[in-house]
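1. Need coordinates for the following:
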Amino acid sequence: MWIASFRVSVAVNIVFMLLVPTFIVLGIGDAAGNETITHIGGVIGIATALAAWYASFAGVTNKTFGRDVLPVRPLK
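-> Numbering: from 1, shown residues only. Okay, here's the model as predicted:
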């Protein structure tokens, strides 16, 4: 989905770009049984969630007002 997000916007692209390391780090932490690595994966996951909240809030807000209130920088 990250590759497909290059046709949407920078905001959506960042969400999927952050999602990959989130899953990888969480997987490594779980497989190794290392709580520190799992914690780091959680922190990256929180950054992913913040990016997703911004992307969705900006999308709804911009559509509601019919103009760019919050920038998402289209990649089309």
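2. which outside residues touch stretch 26-43?
-> 22, 24-25, 45 (CB atoms under 8 Å, 6 or more residues apart in numbering). From N, CA and C alone the C-beta is placed, and that goes for glycine too.
3. Just give me the longest helix of this protein.
-> Scanning the chain for the longest helix, with DSSP state H as the assignment, gives helix 35-65.
4. Can you pick out the ones from the contacts of stretch 26-43 that are in helices?
-> Under the assignment DSSP H, those contribute 22, 24-25, 45 to helices.
5. just to revisit the earlier point, in the longest helix of the chain, what's buried?
-> Judged by neighbour count (16 or more other CB atoms under 10 Å), helix 35-65 contains these buried residues: 37-38, 40-41, 44-45, 48, 51-52, 55, 58-59, 62.
6. Could you export these as a markdown table, including distance to Arg73 and pLDDT?
-> What follows is the buried residues of helix 35-65, written out as a markdown table (distance: CB to CB, whole Å; pLDDT from 0 to 100):
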| residue | distance to Arg73 | pLDDT |
| --- | --- | --- |
| Ile37 | 32 | 97 |
| Thr38 | 33 | 97 |
| Ile40 | 28 | 98 |
| Gly41 | 27 | 97 |
| Ile44 | 22 | 98 |
| Gly45 | 24 | 98 |
| Thr48 | 18 | 98 |
| Ala51 | 13 | 97 |
| Ala52 | 16 | 97 |
| Ala55 | 11 | 95 |
| Ala58 | 10 | 95 |
| Gly59 | 12 | 92 |
| Asn62 | 12 | 94 |
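7. Dump the residues you listed to TSV, plus distance to Phe6.
-> Written out in TSV, the entries for the buried residues of helix 35-65 read as follows (distance: CB to CB, whole Å):
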residue	distance to Phe6
Ile37	29
Thr38	30
Ile40	27
Gly41	25
Ile44	21
Gly45	22
Thr48	18
Ala51	16
Ala52	17
Ala55	14
Ala58	18
Gly59	17
Asn62	19
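8. Distance-wise, check the residue positioned nearest the centre of the chain relative to Asp30.
-> The chain has Val15 as the residue nearest its centroid, 1.8 Å off, counting by CA atoms, centre = their mean. Remark: distance between Val15 and Asp30 (CB to CB, to the nearest Å) = 22 Å.
9. Perfect, I'm done here.
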